[in-house]
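[1] based on what follows, work out the 3D shape:
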Amino acid sequence: MIKNVLNGKEAYAVCLKEDFKAIGAIELKLNGHTDMTDRDDECEMGYWLGKPFWGRGIMPEAAREMLRHAFEDVGMTKVWCGYYDGNTKSKRVQEKVGFQFQWTTEGVDVPLMHEKRTGHVSAITKEEWLAKQ
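    Okay, here's the model as predicted:
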């Protein structure tokens, strides 16, 4: 996943604090690297975390910092994020950090998995993020 998907200019390792071991990745997919927006002031956030580390609050912490980075350092006005049907952990991360549901699309191609899935899209604006600080 890290090698093939989360590998752009704004991609970062998610590491354990105690030993700095990489256990996942998080990325801001800027214009030209996402199909969620064609605007230069909007991007998509993608993330992946190894299953043994689920449920520890690690990804919500990383997502909060990535949103701060997106809005304060990179100059984004909106950040998009998605998850596939059944991925309740990813949905929960998005809810915890303030993303708001936008739409659902059936039959989304997932080339790396050689299948189609139902995708759900959420977004958060800079104003919504600021109101939660």
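[2] now the strands for the chain?
    For the chain, the strands defined by DSSP state E occupy 10-15, 22-29, 42-49, 78-84, 100-110, 115-125.
[3] report the buried residues of stretch 93-109.
    93, 94, 97, 98, 99, 108 (16 or more other C-beta atoms under 10 Å). No exception for glycine: its C-beta is placed from N, CA and C like everyone else's.
[4] redo the strands of the chain as CSV? Include mean pLDDT and distance to residue 57.
    CSV is the format used below for these (pLDDT from 0 to 100; distance: least, C-beta to C-beta, whole Å):
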stretch, mean pLDDT, distance to residue 57
strand 10-15, 93, 12
strand 22-29, 94, 13
strand 42-49, 96, 11
strand 78-84, 97, 17
strand 100-110, 94, 21
strand 115-125, 96, 19
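[5] need the ones you listed in a markdown table with distance to residue 36, can you?
    Output for these, formatted as a markdown table (distance: least, C-beta to C-beta, whole Å):
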| stretch | distance to residue 36 |
| --- | --- |
| strand 10-15 | 15 |
| strand 22-29 | 8 |
| strand 42-49 | 5 |
| strand 78-84 | 4 |
| strand 100-110 | 9 |
| strand 115-125 | 7 |
